[in-house]
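Chemist: sequence and predicted structure, then a few things I'm wondering about:
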Amino acid sequence: MPPPNTFTSDTFGARQPFTSDAFGFNDGREVGLRDYIFSRPDVETKLRNDPQAVIDAISEYNAKKGMITLGRAKIDKCNDLLSKLDPPPKTLVELGCYVGMSAIGWGDSLKKLNESTSETCKVFTTELDETIASVARDLIALAGLDDVVTVLDGPAAETIRKIKTEGQIDTVDVMFFDHW
Ligand SMILES: C[S@@+](CC[C@H](N)C(=O)[O-])C[C@H]1O[C@@H](n2cnc3c(N)ncnc32)[C@H](O)[C@@H]1O
């Protein structure tokens, strides 16, 4: 059994079935997502600084391309769980960032849950692939969450140890495992 406050991508049921051409990742779809998002005519007027609009835009691309993101429904369910934690979580670590869709959800949620206090909140999310990590960083910045969400490049076992050694993180309120 995972420890309390540990949510995995299977917490709410099995993954969605993939079609054969949709299975896999790091095949250009991730950079294609960034191109799609930043070439939208509403990127500045609708998406900039609106995490939920960015999640919706990723979902629209995802519906056609079948990417390995959690998906809106699971992100909403996890955020519902986060909102029930007392005190509100301030530090969340995610193993498996991919293009940052779930990290945008966690960042938005933690920011809202802590907005009535002066406490800072932080999401650290880890990504093995540096090209995918760069897509995530761009989308997180577009969502206006780069002050809350930090993408760590490299194997999670190394990057988490490094931020702990450097004192960037002490205790962790919630861990999310999605790095398979
Ligand atoms: C299922 S995806 C994550 C999806 C993301 N949580 C979302 O819902 O938007 C898994 C990601 O974990 C990354 N990954 C796999 N092993 C890893 C490791 N040891 N350290 C860091 N990232 C890893 C993969 O490169 C892949 O992008």
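Modeler: Received, thanks. Quick caveat: nothing in here was measured; it's all calculated off a predicted structure.
Chemist: from the centroid of the chain, which residue is nearest?
Modeler: With distances taken as CA atoms, centre = their mean, the chain has Ala103 as the residue nearest its mean C-alpha position (1.6 Å).
Chemist: skipping adjacent residues, who's closest to that one in space?
Modeler: Nearest residue to Ala103 in three dimensions, chain neighbours excluded: Thr125, at 4.2 Å (CB to CB, 6 or more residues apart in numbering). Bear in mind the C-beta positions are built from the backbone N, C-alpha and C, glycine included.
Chemist: list of residues touching whatever helix or strand the one you found lives in?
Modeler: Here Thr125, judged by DSSP states H and E, is contained in strand 122-127. Among residues not part of strand 122-127, those counted as contacts by CB atoms under 8 Å, 6 or more residues apart in numbering are 90-98, 100, 102-103, 106-107, 110, 133, 136, 145, 148-156, 159-160, 163, 168-169, 179.
Chemist: stretch 104-113 now?
Modeler: Under CB under 8 Å, 6+ apart, the answer for stretch 104-113 is 51-52, 54-55, 58, 70, 75-76, 78-79, 82-83, 88-90, 92, 94, 121-123, 125, 139-140, 143, 145, 148-149, 176.
Chemist: how many neighbours does Arg29 have?
Modeler: 21 (other CB atoms under 10 Å).
Chemist: show me where this structure has helices.
Modeler: 29-38, 51-65, 72-84, 101-113, 130-142, 156-165 (DSSP state H).
Chemist: for the ligand, what are the nearby residues on the protein?
Modeler: For the chain, the residues in contact with the ligand under the definition CB under 6 Å from any ligand atom are 68-70, 96, 98, 101-102, 126-129, 132, 155-156, 178-179.
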